Structures are given as structure tokens and as C-alpha cells.
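Pasting the sequence and the predicted coordinates here, then a few questions.
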Amino acid sequence: MKYISTRGQIAPVGFKDAVMMGLATDGGLLLPEQIPAIDAATLASWKSLPYRELAFAIISRYADDIPPADLQRLINRSYDSFTHPEITPVVNKDGVHILELFHGPTLAFKDVALQLLGNLFEYLLKERGERMNIVGATSGDTGSAAIYGVRGKENINIFILHPNGKTSKIQALQMTTVTDPNVQNIAVEGTFDDCQDMVKALFNDLPFKEKYALGAVNSINWARVLAQVVYYFYAWFRVAEQTDQQELVFAVPTGNFGDIFAGYVAKRMGLPIKSLLLATNENNILTRFINSGDYSIGKVVATVSPSMDIQVASNFERYLYYLFNEDAGRLRAAFATFAKTGRMEFTAEELKRVRAEFSSCTIDQAGTLKTIADFHRKTGYLLDPHTAVGVGAALEKVKGLPVICLATAHPAKFPDAVKQATGVEPPQPKSIQGIDKLPSRCTVMAADLAKVKAFIMEKAC
């Protein structure tokens, strides 16, 4: 399996090189030359596989340059840190199927991918005798999941940028209380988009990237998307069996388009997903795109679902590559226009294709809190505010079909919002009990690329 850039200006690379490259050297995002098709017989043979074995069956089709025994060990080690035997169980609450993705060490869906990515990095660095300085931006959950994925690992330093004061308290503490010598937290006086823009600029500075051996953990790294593809298959098998239906809808709360793009890949592989419902909060550039063709930057609005407080969806480029019929030139031109004008234009035929793949809905803050309250009153189940965006969208938009809602974080990560909605303090899992009493370390910094560069130069391994 070879990987190419959405911008079409690199020679194809293998999976291991794709993992280490992160962002393609031409500024694009890496994708497999071909998405492997899964026939009905293979699909049937996978339906009863435990999660780790299913992960190997899927990932091995994309990672054929890692010996199978090594890949299986990496997968097993990655999911040994999860507290539920199914890794990503599905629970049925009054007909709404909740795919719980929060049983990893930081209680968020990012753990599913970043535990694997951390082990891949360590494996490949040892194989190559190299070092890496990981640089990433987070709106909340990616940072802590990435830190927990690589803390204490050899030949790796990690630098995580987050918007100062714009994550939940628990999200910030999960990052800043990890004081391993190879972990550096930078609290940026700005928005998540400021953090993400600086990370992209660092990776696009090719001499700097090469000199300091930068590596990516944001969802620009293909391995993250690939790991997330697995749980779409896993959930589909379980709900299809429970409901005796194959036409299933996935409701996905998203800001960066990475999680829902993994569902799109699963569908292209042959998983019979009826529809992908993209759910946003007030930062709804993606909903505006799907519903009215308006992909234009607005102002970031702070909400109770801060991980979705994003205006520029970094993974959207991967989808656009397919929407533009794999025409890298068309894509480069679209992003050149976007960089100048802050908006992107689409043909009527392209928008028709988009709406055949996706539906979308915005659930604002009042709707999010109401969904948390109503769902708890009806079922006794506590939703975190991001999951509530997806559940709210599902209840509004999906009629007559089974729906799987991706639960992207444990409610204890957002206790203020949950308590505001329900009056109930969510119980704290053991992993975060007493976290506010732990020592912490963080560097507050202006949204200044030169200052971030200087800090990385000082602390790099």
C-alpha cells in the first residue's frame, strides 16, 4: 500500500513513511492510493471478531510494510490501557445506540487512535535509530490523549499547544499534570485555530521540520484516521445484529472533520452505512457547507462543547480530494483561493454529491444543555456536551432508522456543563480523581510563531 498527497506533489510513500511524515512535504494530507474494498464474504467473516482482531484485520490492509506479528503486538499493547473489555462498547438507551469511545486513559475518543500512534512512533524510531519532536494543537482532548500516548517513551519529545482558558478544567489538567521530562505544554493566548495555524506553519517550514525532526499527532496524521475506521465497523456489526437491519445512520459530533472522515473511509471500503450525520455546535462551518454550500470562515464562538469550537476543519481536505474526483490541481487552486478570501466555492453537482453522503444539523448551546437534561431524565444516562450535540442532531434528523451516536468523551470531563443541565455531578472515574491536587507544568505564550519556534528549539530532543 502506497500513500499520496492530496496536493499531488510528492512521490508515493509506504505506510511507515506516511506515519513518520505526518503532513505531506507539499503541504497536503496523505491518503492511500486506493481504499481497499471489502466484499460481503469478508464483511461477514469479521462480524464476530473481538476488537483487537478486527483492528488488525482492517489496519493490516493499510500497513503492509509492518510484519503482521509486530502489528498485532502494537495493537494489543495499545488497547491494554482501556478499561472496558470491548474497547468501544455500544449501549442502547431508549432506542438510541451510544458508541462509547471514552474508555481509554484520558476518557476521550482520541485515545483509540493516539495510544496506537504513540506505539507506532516508538516502534519506528527504534527501528530507524531516530528521534522525534512531536508538535500538536488541541482544542481539548487530542492534547491529553497524545501526551498519554507518548509520555516516557524513548527518543520522543512532545509539544502540545492549547488555547489558554478555552478548554474544560479537566481537559487542561489532564495535559498539564503530566510532568514527564519529554512533555511540554504551551497555553496559547488565542483560539484553537491560532494553535493549529502555527502547527501547520511549523510543518510547512521544511528546513525547520527536518532539522528538529517534527512529527504530527493531530488528525493530519493518517494513522489516526485509520485507527478510527475500526470502531465504525465494530459498532455497525453489533447494532446490525441487535436490530436485524443494515441501513444504519451514524451521528457524529465534529469540528475538525477527522472522526466523520473515518466513517466516510469505512463506507468507501464497503461498510453499508446508510448516512453520516455531521453534528456541529454554533461553530458550524461544516453544516453550512453541507446544507447551503457555504464554506466560509466565521468567528469562533466559545461554547460548552469546546473541542468543537473550530472554524477551519483540517481534515476536510481529505474529503475534498475525493469530492474533486482526486484532482490535486483543483484542490490546490481551491485552497489558494481559500487562503486569500476565507471561502471556497463548489459546483451544484459537487454539492449534490456531498448531500448524498452526508446530512448535517447544528445544535446550539441551549439545545445541547436541553438534550443532556432530557436524555438523562428519560434514560438515566449522562451525556457529555459533545456527545449531546450528536444525540440532539440524531433525535432531530433521523426518523425510522437505527442510529449510532458517537460518544466522544466521558461526562466527567465536562462536569460544569453536565451539572448545569441536570443538577447532577457526573461520577469521576478513578483516572481523574484528585487530578486537581497533582503538580502541574505549563508555559503560557502569545500566539506568536517565532516564540513557539524558539521554545521548541530550546527544548527539542
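That came through fine.

So in this protein, where's the weakest helix or strand by average pLDDT?
The helix or strand of the chain with the lowest confidence, counting by mean pLDDT, DSSP states H and E, is strand 214-216 at a mean of 87.

which outside residues touch that one?
Contacting residues not belonging to strand 214-216 are listed as 20, 22-23, 121, 132-136, 156, 199, 202-203, 208 [CB atoms under 8 Å, 6 or more residues apart in numbering]. Backbone N, C-alpha and C define where each C-beta goes, glycine included.

Give me the buried stretch members for the very next helix or strand once past it, please.
Toward the C-terminal end, the helix or strand that comes next after strand 214-216 (DSSP states H and E) is helix 222-243. Buried residues in helix 222-243, counted by 16 or more other CB atoms under 10 Å: 222-240.

So which of the contacts of strand 214-216 belong to strands?
The strands, defined by DSSP state E, take in 132-136, 156 from these.

what's the closest of those to Phe375?
Set against Phe375, the nearest of those by CB to CB is Gly136 (32.1 Å).

Just give me the neighbour total for the closest residue to the closest one other than its chain neighbours.
Spatial nearest neighbour of Gly136, chain neighbours left out: Val217 (4.4 Å); criterion: CB to CB, 6 or more residues apart in numbering. Around Val217 there are 30 other residues, counting by other CB atoms under 10 Å.

show me what contacts Val217?
22, 114, 117, 134, 136, 142, 146, 149-150, 158, 224.

for His97, phi and psi?
Note on His97: backbone dihedrals following degrees, to the nearest 10 are phi -90, psi 120.

For it, list each beta-bridge partner.
When assigned by DSSP bridges, His97 has beta-bridge partners Asn92, Ile404.

surely it meets Leu401?
No. Judged on CB atoms under 8 Å, His97 makes no contact with Leu401 at a distance of 11.1 Å.

The two: which is more packed in?
The neighbour comparison of His97 against Leu401 (other CB under 10 Å) goes to His97, with 22 against 13.

I'd like to know which of the contacts of strand 214-216 is nearest to Ser81.
Closest approach to Ser81 among the contacts of strand 214-216 (CB to CB): Phe121, at 15.5 Å.

okay but the closest one is in contact with Lys153, surely?
Yes. Phe121 lies in contact with Lys153 (CB under 8 Å); the separation is 7.2 Å.

the more surrounded of these two?
Between Phe121 and Lys153, counting by other CB under 10 Å, Phe121 is the more crowded of the two (25 against 19).

check contacts around the more buried one.
With CB under 8 Å, 6+ apart, Phe121 has these contacts: 19-20, 132, 134, 150, 153, 156, 215.

just Ala227 next, same as before
Shown in contact with Ala227 (CB under 8 Å, 6+ apart): 55, 59, 112-113, 116-117.

confidence score at the closest residue to it other than its chain neighbours?
Spatial nearest neighbour of Ala227, excluding adjacent residues (CB to CB, 6+ apart): Ala113 at 3.9 Å. For Ala113, the model assigns a pLDDT of 95.

contacting residues for Ala113?
Neighbours of Ala113 in contact, by CB under 8 Å, 6+ apart: 145, 219, 223-228.

a markdown table please, covering those residues and showing pLDDT.
Shown next, in a markdown table, are these (pLDDT from 0 to 100):
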| residue | pLDDT |
| --- | --- |
| Ala145 | 90 |
| Ser219 | 76 |
| Ala223 | 95 |
| Arg224 | 93 |
| Val225 | 96 |
| Leu226 | 97 |
| Ala227 | 97 |
| Gln228 | 98 |
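
still on that earlier bit, I'd like to know which of the contacts of Val217 are buried.
So, of these, 22, 114, 117, 134, 136, 142, 146, 149-150, 158, 224 end up buried under the neighbour-count rule (16+ other CB under 10 Å).
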